[in-house]
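A.B. asks: mind folding the following:
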Amino acid sequence: MSRTDRKHQAILDAATEVFLTDGYAGTTIDRIAATAAVSKPTVYAHFGDKQALFTEIVTRTVDEAAEPVHAEVAALRDTGDVAADLRDLARRQLTMVMRPRLLQLRRLVIGEAGRFPELGRLFAERGPARTIADLAAAFRGLSERGLLAVADPELAAAHFNWLVMSVPLNHAMLTGDDTPPPAAEIERHADEGVRVFLAAYGVQPP
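C.D. replies: The predicted structure follows:
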């Protein structure tokens, strides 16, 4: 990395820490600059203003979490064992979503949605909405192969997504508990979500 790139990353890391600790309203460029060990003009030179900096943090964090899930969803179209591969996908997806930093950022974005609705839309579009769109495409293909019985792929994708994630994610959002669930709890929510999904959309063997 060049010296400029290192400064850019240092500012991002410092800003993420400060935003998640102090909230959006409580965060100042002065505090970010001090935490990153750079000057205040350097922060402005790299990002323009506080909102632009927060937007980049949201974009990068969501993309880093989402990319592995999207790749796995794309591979799902070629599955030979729908139930097993859906369980694997659900476990990894839930593990990723329940990472403490992502939970904290989600909570912060929700808290600021009234003042900055574009940040909420950005988070939704690059995170849940993109995942559901990819799942819908995969379910459409699996239905065409006769491995699922899906009349409305978008609705089926939303059902899958929230059957797996809604209980632990809702608990974390409302209680502020960012402790990652134990592996056994992740597996229980993921596997039961898949079981219920397949009860609605699975194809019974002849």
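A.B. asks: list the residues that contact residue 140.
C.D. replies: With contacts taken as C-beta atoms under 8 Å, 6 or more residues apart in numbering, residue 140 has the following neighbours: 150, 153. No exception for glycine: its C-beta is placed from N, CA and C like everyone else's.
A.B. asks: pLDDT of the helix or strand hosting it, averaged?
C.D. replies: Using DSSP states H and E, residue 140 falls within helix 128-144. Helix 128-144 shows a mean pLDDT of 94 in the predicted model.
A.B. asks: next SSE after that helix?
C.D. replies: Past helix 128-144, the next helix or strand by DSSP H and E is helix 153-175.
A.B. asks: could I get the buried residue list for that following helix?
C.D. replies: 153, 156-161, 163-165, 167-169, 172 (16 or more other C-beta atoms under 10 Å).
A.B. asks: show me this protein divided up by domain.
C.D. replies: According to automatic domain parsing, the chain comprises the domains 1-48, 50-201.
A.B. asks: any idea how far apart the tips of the last one sit?
C.D. replies: If I follow you right, that is domain 50-201. In domain 50-201, first residue to last residue: 45 Å (C-alpha to C-alpha, to the nearest Å).
A.B. asks: how distant is that domain from the center of its chain?
C.D. replies: Its chain's average C-alpha position is 6 Å from that of domain 50-201, according to C-alpha atoms, centre = their mean, to the nearest Å.
A.B. asks: got it, and stretch 199-206?
C.D. replies: 29 Å.
A.B. asks: please enumerate the strands of the protein.
C.D. replies: Counting by DSSP state E, one finds no strands in the chain.
A.B. asks: low-confidence ranges, it, go.
C.D. replies: Across the chain, the ranges flagged by pLDDT under 70 are 1, 205-206.
A.B. asks: if you set the cut-off to 90 instead, what comes out?
C.D. replies: Per-residue confidence for the chain (pLDDT under 90) gives these ranges: 1-7, 23-25, 48, 58-75, 77-78, 80, 111-120, 122, 126-127, 204-206.
A.B. asks: quick one, longest helix in it?
C.D. replies: The longest helix of the chain (DSSP state H) is helix 50-76.
A.B. asks: tell me what that helix is packed against?
C.D. replies: helix 3-26, helix 40-47, helix 82-97, helix 100-111, helix 117-126, helix 128-144 (3 or more C-beta pairs under 8 Å, 6 or more residues apart in numbering; DSSP states H and E).
A.B. asks: how about the second one: buried residues?
C.D. replies: When you say that, I think you mean helix 40-47. 42-43, 46-47.
A.B. asks: what packs against that helix?
C.D. replies: For helix 40-47, the packing partners by 3+ C-beta pairs under 8 Å, 6+ apart are helix 3-26, helix 29-36, helix 50-76.
A.B. asks: ok, now the fifth one?
C.D. replies: The helices and strands touching helix 117-126, judged by 3+ C-beta pairs under 8 Å, 6+ apart, are helix 50-76, helix 100-111.
A.B. asks: ok, residue 21 to residue 31 distance?
C.D. replies: Distance of residue 21 to residue 31, given as C-beta to C-beta, to the nearest Å: 9 Å.
A.B. asks: scratch that, residue 178
C.D. replies: Taken as C-beta to C-beta, the span from residue 178 to residue 31 is 22 Å.
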